[in-house]
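Visitor: Show me the folded form of this:
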Amino acid sequence: QEQLVESGGGLVQSGGSLRLSCATPLSTLNYAVIGWFRQVPGKEREGVSCISTINSGTYYRTSVKGRFTISRDNAKKMVYLQMNDLKPEDTAVYYCAAGNFWGLDLSKYARWGQGTQVTVSA
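Guide: Residues are numbered from 1 along each chain as shown. Got it, this is the predicted structure:
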């Protein structure tokens with residue numbers, strides 16, 4: 001199966017910005033939701049944001065509201081996560097995933113990418 005592929009991670013200073021990209025292969029186009037998740041070593045993976053591929057509705061975890069923006073470009077088969085005003089606590093590996101149920105429940109997502117590292121220095 002083709003995988004989702006994340007890119008755009010890197011090292012940035014606190015207060016800086018990054019834009020993550022998620023390439024969604026043809027086989028994921030039938031999924032209703034694309035989500036972004038993140039994980040710090042030793043901690044559970046947590047949901048960050050998701051977007052409906054049907055009506056572009058969005059959802060964010062409280063700690064990123066007002067700082068992160070999720071968007072999609074169906075023609076390019078891409079989903080983006082614009083991250084502004086980054087904080088050291090945003091440091092994690094970020095994953096995109098495809099599923100058919102609204103929300104950030106990891107168990108509801110069927111297809112995952114390999115992740116991209118985001119590091120925010122103080």
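
Visitor: mind listing what the residue positioned nearest the centre of the chain touches?
Guide: By CA atoms, centre = their mean, the chain has its centre lying nearest to Trp36, at 2.3 Å. Residues in contact with Trp36 (CB atoms under 8 Å, 6 or more residues apart in numbering) are 20, 22, 47-50, 70, 79, 81, 94-97. Every C-beta, even on glycine, is put in place using the N, C-alpha and C of the backbone.

Visitor: ok, now Tyr60?
Guide: Tyr60 touches 48-49, 68, 70, counting by CB under 8 Å, 6+ apart.

Visitor: hmm, try it at 6 Å
Guide: Ser49 (CB atoms under 6 Å, 6 or more residues apart in numbering).

Visitor: what about Ala92, how many neighbours?
Guide: If you count neighbours by other CB atoms under 10 Å, Ala92 ends up with 22.

Visitor: Secondary structure element holding Ser71?
Guide: Assessed by DSSP states H and E, Ser71 sits inside strand 68-73.

Visitor: mean confidence for that strand?
Guide: Across strand 68-73, pLDDT averages out at 96.

Visitor: Return the list of helices and strands in contact with the following helix or strand past that strand.
Guide: As assigned by DSSP H and E, the chain's next helix or strand after strand 68-73 is strand 78-83. Packed against strand 78-83, as judged by 3 or more CB pairs under 6 Å, 6 or more residues apart in numbering; DSSP states H and E, are the following elements: strand 18-23, strand 68-73.

Visitor: Now do the buried residues in the last one.
Guide: Pointing back at strand 68-73 there. 68-70, 72 (16 or more other CB atoms under 10 Å).

Visitor: Same check on the first one?
Guide: Neighbour counts over strand 18-23 (16+ other CB under 10 Å) mark 18, 20-23 as buried.

Visitor: would you turn these into a markdown table with pLDDT and distance to Leu11?
Guide: Listed next are the buried residues of strand 18-23 as a markdown table, based on pLDDT from 0 to 100; distance: CB to CB, whole Å:
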| residue | pLDDT | distance to Leu11 |
| --- | --- | --- |
| Leu18 | 98 | 9 |
| Leu20 | 98 | 14 |
| Ser21 | 98 | 17 |
| Cys22 | 97 | 20 |
| Ala23 | 96 | 22 |
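
Visitor: Noted, bye for now.
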